[in-house]
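Novice: Coordinates for the following, if possible.
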Amino acid sequence: MSLATFQSLMARLVIDPAWRASVLAQGFPEDADLSALERRRLNAIAASTGLDINQTLHKGFRLGKIKALLPLTTTLLKGEALQAALSAFWTQHPPRTFYFLPEAIEFCDFLLARPSHDPYLHEVAAFERAHLELQRARTDEPAPQTVRFVHHPSQLLGPLAQGRQPVSVERRPCTAVGVRDAQGQAQWTLQE
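Specialist: Here you go, the predicted structure:
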């Protein structure tokens, strides 16, 4: 077994709690290319209470990045609703990279694909997703992003940007079109 494979399995124990639980219950699969010493070491790591701390730190780091990249969405969801959405998302989408912009976009896609009791969630998640697409590193210019709003965008997004929940936002169907300007900043215009 290579050192990279050993390290990969060790990292998976940190980032995938369900897999760790499986390893604790059943051990590593027999077909895992591990020497007896490596198997013992990884089993000891899996059983270590220190791994709990690493899992907590990793989860906190992921949460911090989601909150930083999706401030409006996380302000709207907050509390138990945010915790439930992230838990379901992380269960279905284990981390594959340390680049958090793609994970934030995947989280928006996850929210947009699910029904929501919140009347504003899909609009806010779609807006932040489009905004991230404009910021994504690329070699060409990003395509213009369009977001359809059912509710008045400034009445909806303004309070969220100030960390407050929107209240009684008037219905005002419109489309926001975002482009990246010459300085690389997203610029949005509304079309009625």
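
Novice: Break the protein down into its domains, please.
Specialist: According to the domain assignment given by automatic domain parsing, the chain is divided into the following structural domains: 3-48, 72-191.

Novice: of all those, which gets the most neighbours per residue?
Specialist: A comparison of those by mean neighbour count, using mean count of other Cβ atoms under 10 Å, puts domain 72-191 on top with a mean of 15. All C-beta atoms are positioned from the backbone trio N, CA, C, and that covers glycine.

Novice: what's the offset of that one from the middle of its chain?
Specialist: Taking Cα atoms, centre = their mean, to the nearest Å, the mean C-alpha location of domain 72-191 is offset from the chain mean by 11 Å.

Novice: any idea of the mean pLDDT in it?
Specialist: Mean per-residue pLDDT for domain 72-191: 93.

Novice: before we move on, back to that, mind putting the domains of the chain into JSON lines with distance to Q55?
Specialist: Compiled in JSON lines, those are given as follows (distance: least, Cβ to Cβ, whole Å):
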{"stretch": "domain 3-48", "distance to Q55": "6"}
{"stretch": "domain 72-191", "distance to Q55": "11"}
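
Novice: surely A18 meets T91?
Specialist: Yes: with contact defined as Cβ atoms under 8 Å, A18 counts as touching T91 (7.0 Å).

Novice: Tell me where the longest strand sits in this structure.
Specialist: Taking DSSP state E as the criterion, the chain has its longest strand at strand 171-180.

Novice: which residues does L86 contact?
Specialist: By Cβ atoms under 8 Å, 6 or more residues apart in numbering, the contact list for L86 reads L63, I66, F107.

Novice: rewinding a little: for the longest strand of the chain, packing partners?
Specialist: On a contact count with 3 or more Cβ pairs under 8 Å, 6 or more residues apart in numbering; DSSP states H and E, strand 171-180 meets helix 121-135, strand 145-151, helix 153-161, strand 186-191.

Novice: Find the nearest non-adjacent residue to E123, please.
Specialist: Sequence neighbours aside, F149 is the residue nearest to E123 in space, at 5.3 Å (criterion: Cβ to Cβ, 6 or more residues apart in numbering).
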